[in-house]
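[1] Show me how the following folds:
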Amino acid sequence: MRLYRSIEEIAPLGDTHRAVAIGTFDGVHLGHQAIIGRAVAAAAEMGGVATVLTFEPHPSLVLAPESTPLILTPLEPKLHLLQALGVQEVIAVPFDRRFSQLTPEGFCRLLLSERLGARQVTVGENFRFGRGGAGAPENLLEFGKELGFSVAAVRLMEMEGGPISSTRIRGLIELGRVEHAARLLGRPHSLEGYVVGGAGRGRDLGSPTANLDVSAHVAVPAHGVYVTLTDLGRGVEEPGVTSVGTNPTFETDGVTRVETYLLRFSGDLYSTKVRVGFLSRLRGQVTFSEAGMLIEQIGRDIAEAEAYFRDHRPDGTV
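    So this is what the prediction gives:
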């Protein structure tokens, strides 16, 4: 899959046409997948290129920095998800003040027509574009008639009593409802980062943990303990238990930490980039009056996680 990080980089395709899905696509949830799937199918039908036009950083960081949402999927994991959906190229448009002033007509004429040579464009029915969000799908359709591209506006998907949206999923994650969030995403919510050194207390307590360095801008589940599956790369996934919280039994700095105990792995993961997927919440964060009580609770957490994996794997193994 090819990545363009600026409008100027976009290469012309000659007689080959692009089918373009447009959106921020934070989360690449089931609703986003429907939009992207429509573009992938259109590209296959016309013998063209399936393209995603997205924005980096999240537009609200420029337009309303005081209310910027936490990110579900930073660019790198988003690219992996898009590739798995059959996307052939991604244009990650640098979203800045200058770009935000582009009129709806300029967006269609200069970007979609002249730069991309789009033949088909797919968006969500609530898509807005151009200065002040003045452009809507019906405007896109009108410009498309003039500029030679068709437009498909995909209806919002609903599930379990509400629309599938990034905002709704963020809310579920903030509450620790990771199983519900996973149903809307189509996969577990995950955090990606490098394993860094910690205080070493996990090892002292008999349960050494991998401490994940997580960006402050990413949506982290509510404080508590979770059943997780950690991707170590190269197709290796390890079951585990992950604590998200301030470690109140020992720490007073209030810093949120993400610490994973891998049930079956022993080895050095320092400086390794991993992805931790959140499968189920076991309990909330608890402060223990002594280390012995914490050790006993860790044992119960591990037993519950092992039971979870036995129940959710066809062969009954952990």
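[2] surely residue 52 meets residue 88?
    No - applying Cβ atoms under 8 Å as the test, residue 52 and residue 88 come out as separate, 9.1 Å apart. C-beta: built from backbone N, CA, C; applies to glycine.
[3] State the pLDDT value of residue 85.
    Per-residue pLDDT puts residue 85 at 98.
[4] residues contacting it?
    28, 33, 36, 37, 40 (Cβ atoms under 8 Å, 6 or more residues apart in numbering).
[5] Tell me how far it lies from residue 29.
    12 Å (Cβ to Cβ, to the nearest Å).
[6] try residue 103
    Using Cβ to Cβ, residue 103 is found at 30 Å from residue 29.
[7] Mean pLDDT per helix and strand in the chain: which one sits at the bottom?
    Ranking every helix and strand in the chain by mean pLDDT, DSSP states H and E puts helix 201-204 at the bottom, with a mean of 48.
[8] any idea which helix or strand comes after that helix?
    Counting by DSSP states H and E, the next helix or strand C-terminal to helix 201-204 is strand 210-213.
[9] List the buried residues of that following strand.
    210, 211, 212 (16 or more other Cβ atoms under 10 Å).
[10] now for the helix or strand containing residue 228, which elements pack on it?
    Applying DSSP H and E as the criterion places residue 228 in strand 224-233. The elements that strand 224-233 packs onto, with contact taken as 3 or more Cβ pairs under 8 Å, 6 or more residues apart in numbering; DSSP states H and E, are strand 236-245, strand 257-262, strand 273-284, helix 291-312.
[11] try 6 Å this time
    strand 236-245, strand 273-284, helix 291-312 (3 or more Cβ pairs under 6 Å, 6 or more residues apart in numbering; DSSP states H and E).
[12] ok, back up a step: more crowded one of residue 52 and residue 88?
    residue 52 (28 against 17; other Cβ atoms under 10 Å).
[13] what distance separates the strand holding residue 228 from the centre of its chain?
    Relative to the chain's own centre, strand 224-233 is displaced by 15 Å; criterion: Cα atoms, centre = their mean, to the nearest Å.
[14] what do you get for stretch 173-185?
    Distance, centroid of stretch 173-185 to centroid of chain: 12 Å (Cα atoms, centre = their mean).
[15] what comes into contact with it?
    For stretch 173-185, contacts defined as Cβ atoms under 6 Å, 6 or more residues apart in numbering pick out 29, 164, 169, 172, 188-189, 219, 221-222, 224, 278, 280-281.
[16] again with stretch 50-64
    Contacts of stretch 50-64 (Cβ under 6 Å, 6+ apart): 18-22, 24-25, 39-40, 43, 68, 75, 82, 86-93, 95.
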